[in-house]
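Colleague: model this:
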Amino acid sequence: MTSDPVVRNDALIDPDTVRAWLAAGLVWLLVFPTIGALVSTKFNHPGFLGDISWLTFGRLRPIHVNGVIWGAFSTIFIGLVHYVVPRLAGVPLAGARWSRPLLWVWNANLVVFVVLIGLGWNRGWEVGELPLVNVIVLFLALLVLTAQCLVTIHRRVTPPLYVSLWYLIAALVWTDANLLLLMLGPTHLAGINNAAWHGLFLHYIVGLWITPAGYVLIYFFLPASVRAPIYSHRLSLIGFWSLAFFYPFVGIHHYLYSPIADWAETIAIVSSMMLIVPVWTVLQNFFGTMTGRWRELGTNLPAKFLIVGSVLYLIGCFQGSVEALRALQQPTHFTDFVVGHAHITVFGTFVMWAIAGVVYVWPRVTRSSPSSFRVANAGFWLITTGIVAMVLVLTAQGLQQGFMLIAQADWMDSVNAMRPFWWVRTVTGIVMDLGISLVILTLVRGSLARPA
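Modeller: All right, here's what the predicted structure looks like:
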């Protein structure tokens with residue numbers, strides 16, 4: 001199906017609900033990355049923010065990581081789902097009356113999670129530190145959203161499924177199942193099995209929630225923003241099924257050289273390398289869609305975010321695949337190289353795509369225009385410059401860390417060698433936060449200034 005997804009189904013969308021979800025997501029987009037900048041300052045000044053327990057590194061870091069995933073990205077994504085699904089299905093979102101209560105429950109759960117993590121409630125799985133009560137609420141909220149979307153898609157007016165809906169169904173169903181693992185895993189699995197399942201859970205969040213959710217956004221908003229059909233529906237299906245087939249096995253590549261069976265580690269390595277298939281197919285689709293339209297990119301802010309995010313996705317996924325090789329993981333594991341990889345994919349790609357969706361949708365649901373393209377464009381360049389510089393710095397310092405430790409350098413010598421890199425890392429984070437603020441400022445000022 002290659003028809004233009006920009007169908008005129010405006011009457012099927014509840015703009016107030018979409019606006020409310022996006023507004024909440026933008027607030028979290030200001031809050032949780034800023035916490036990350038504060039956390040990074042502690043690498044050079046561990047005493048920064050004093051001795052207050054809930055302002056220590058061990059409390060703030062999981063708030064930052066989980067907050068970016070579930071607060072910033074996911075809240076914006078759910079808001080955009082309320083815009084995308086009715087337009088593609090041709091019918092109003094099923095159970096629309098549940099969307100506003102769901103918004104309040106979702107955001108209250110985020111506030112409670114911040115408080116509980118700050119008080120020391122931590123279940124020990126990275127990206128799964130959420131207290132059990134928060135996981136249960138999150139699971140129930142996503143079940144409601146899943147039911148709304150599946151019923152809406154079942155009622156659609158045309159039988160073919162546009163590719164965004166394929167990825168949406170997958171993201172919701174896979175994540176509902178993955179949250180069951182999070183409820184049980186930290187406390188019901190022992191020893192090396194706990195580590196192995198944590199590796200799977202961690203990558204299911206990235207690969208089976210954030211990745212297909214991001215594909216929902218770019219497969220809709222790139223054709224919509226440049227007003228052109230997607231390049232190839234066949235390529236989109238190859239990308240979908242190869243992601244579904246290869247990604248479930250990659251998580252154990254975090255535990256090479258561990259007591260986990262060698263055959264399981266090898267399967268994870270091979271699967272990680274095979275992820276080149278979905279990456280190349282989706283990128284071919286995105287760049288093919290831009291054929292003949294590159295000159296429009298300079299003034300098309302949503303498309304700029306989407307395309308830059310795609311370039312960073314290519315770099316990040318290549319980095320992730322080769323990082324799974326034993327020879328490369330030996331000097332990079334437990335270093336900031338891995339942190340750089342996480343930032344270029346989660347923020348550089350998927351948060352950038354989410355921002356693109358907001359820049360496209362917000363003026364349409366508020367019947368306004370951004371107050372200043374120049375300011376918003378400056379925000380785009382600050383975000384882009386910040387994330388690129390951060391990843392370059394983290395990659396370089398990670399390699400230096402790894403080779404110093406392989407050479408049996410003193411631990412404190414390796415720490416001291418990292419201090420200049422950590423300063424740059426903090427500055428790049430502040431630059432990104434400033435860029436986000438400028439983009440949000442233009443959207444909010446534009447909607448406040450719209451004619452009555």
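Colleague: for this structure, longest helix please?
Modeller: For the chain, the helix that runs over the most residues, judged by DSSP state H, is helix 411-448.
Colleague: tell me the mean pLDDT over it?
Modeller: Taken as a whole, helix 411-448 has a mean pLDDT of 95.
Colleague: what packs against that helix?
Modeller: Of the remaining helices and strands, those touching helix 411-448 by 3 or more C-beta pairs under 8 Å, 6 or more residues apart in numbering; DSSP states H and E are helix 15-44, helix 336-345, helix 352-366, helix 373-406. (C-beta placed from N, C-alpha, C; glycine too.)
Colleague: any stretches of the chain with poor pLDDT?
Modeller: 1-8, 450-452 (pLDDT under 70).
Colleague: recalculate using a threshold of 50.
Modeller: Across the chain, the ranges flagged by pLDDT under 50 are 1-7, 452.
Colleague: returning to that earlier point: between helix 15-44 and the longest helix of the chain, find me the angle.
Modeller: With axes from the mean of the first three to the mean of the last three C-alpha atoms, to 10 degrees defining the directions, helix 411-448 sits at 160 degrees from helix 15-44.
Colleague: how about helix 411-448: buried residues?
Modeller: The neighbour-count criterion (16 or more other C-beta atoms under 10 Å) identifies 414, 418, 421-422, 424-433, 435-436, 438-444, 446-447 as the buried residues of helix 411-448.
Colleague: right, so the helices and strands packed on helix 411-448: which one is the most enclosed?
Modeller: By mean neighbour count, with neighbours taken as mean count of other C-beta atoms under 10 Å, helix 352-366 ranks first of the helices and strands packed on helix 411-448 at a mean of 25.
Colleague: tell me the angle of that helix relative to helix 373-406?
Modeller: Taking the same axes, to 10 degrees, helix 352-366 and helix 373-406 form an angle of 160 degrees between their directions.
Colleague: so what's the gap between helix 352-366 and the chain middle?
Modeller: A distance of 16 Å separates the centroid of the chain from that of helix 352-366, by C-alpha atoms, centre = their mean, to the nearest Å.
Colleague: packing partners of it?
Modeller: When contacts are defined as 3+ C-beta pairs under 8 Å, 6+ apart, helix 352-366 packs onto helix 15-44, helix 74-89, helix 211-226, helix 301-323, helix 373-406, helix 411-448.
Colleague: for these, which one sits closest to residue 286?
Modeller: The closest approach between residue 286 and any of the helices and strands packed on helix 352-366, judged by C-beta to C-beta, belongs to helix 301-323 at 4.9 Å.
Colleague: can you give the distance of that closest one from its chain's centre?
Modeller: Counting by C-alpha atoms, centre = their mean, helix 301-323 is centred 12 Å from the centre of its parent chain.
Colleague: buried ones in it, by neighbour count?
Modeller: 301-317, 319-321, 323.
Colleague: that one packs against which elements?
Modeller: Packing partners of helix 301-323 (3+ C-beta pairs under 8 Å, 6+ apart): helix 211-226, helix 262-274, helix 276-289, helix 326-332, helix 336-345, helix 352-366, helix 373-406.
Colleague: can you show me the CA trace of that helix as CSV?
Modeller: Extracted C-alpha coordinates of helix 301-323, given in CSV (Å, rounded to 0.1, in the frame of the first residue of the first chain):
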residue,chain,number,x,y,z
LEU,A,301,11.5,21.2,10.3
PRO,A,302,9.7,17.9,10.9
ALA,A,303,11.5,16.3,8.0
LYS,A,304,14.9,17.6,9.2
PHE,A,305,14.4,16.0,12.6
LEU,A,306,13.3,12.8,10.9
ILE,A,307,16.2,12.6,8.5
VAL,A,308,18.9,13.6,10.9
GLY,A,309,17.4,11.0,13.3
SER,A,310,17.7,8.4,10.5
VAL,A,311,21.3,9.2,9.9
LEU,A,312,22.1,8.8,13.6
TYR,A,313,20.1,5.6,13.6
LEU,A,314,22.3,4.2,10.8
ILE,A,315,25.4,5.1,12.8
GLY,A,316,24.1,3.9,16.1
CYS,A,317,22.8,0.6,14.8
PHE,A,318,26.1,-0.2,13.0
GLN,A,319,27.8,0.7,16.3
GLY,A,320,25.5,-1.6,18.2
SER,A,321,26.0,-4.5,15.8
VAL,A,322,29.8,-4.4,15.8
GLU,A,323,29.8,-3.8,19.5
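Colleague: enumerate every residue touching residue 50.
Modeller: Contact partners of residue 50, counting by C-beta atoms under 8 Å, 6 or more residues apart in numbering, are absent.
Colleague: now do it against residue 314, distance only.
Modeller: For residue 50, the distance to residue 314 under the criterion C-beta to C-beta, to the nearest Å works out to 42 Å.
Colleague: do residue 299 as well
Modeller: Counting by C-beta to C-beta, the gap between residue 299 and residue 314 amounts to 24 Å.
Colleague: and what of residue 94?
Modeller: 36 Å.
Colleague: rewinding a little: need the helices and strands packed on helix 352-366 in JSON lines (columns: distance to residue 270).
Modeller: Below are those laid out as JSON lines (distance: least, C-beta to C-beta, whole Å):
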{"stretch": "helix 15-44", "distance to residue 270": "33"}
{"stretch": "helix 74-89", "distance to residue 270": "30"}
{"stretch": "helix 211-226", "distance to residue 270": "19"}
{"stretch": "helix 301-323", "distance to residue 270": "10"}
{"stretch": "helix 373-406", "distance to residue 270": "23"}
{"stretch": "helix 411-448", "distance to residue 270": "32"}
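Colleague: for those, which one sits closest to residue 9?
Modeller: helix 74-89 (4.6 Å).
Colleague: ok, and for whichever helix or strand comes after that closest one, which residues are buried?
Modeller: If you walk from helix 74-89 toward the C-terminus, the next helix or strand you reach (DSSP states H and E) is helix 99-118. Under the neighbour-count criterion of 16+ other C-beta under 10 Å, helix 99-118 has 99, 102-103, 105-107, 109-110, 112-114, 116-118 buried.
Colleague: gap between the closest residue to residue 57 other than its chain neighbours and residue 27?
Modeller: In space, not counting the residues next to it along the chain, residue 57 is nearest to residue 42; the distance is 5.0 Å by C-beta to C-beta, 6 or more residues apart in numbering. Distance of residue 42 to residue 27, computed by C-beta to C-beta: 24 Å.
Colleague: among the helices and strands packed on helix 352-366, which is nearest residue 273?
Modeller: Between residue 273 and the helices and strands packed on helix 352-366, the tightest spacing by C-beta to C-beta is seen for helix 301-323, at 5.3 Å.
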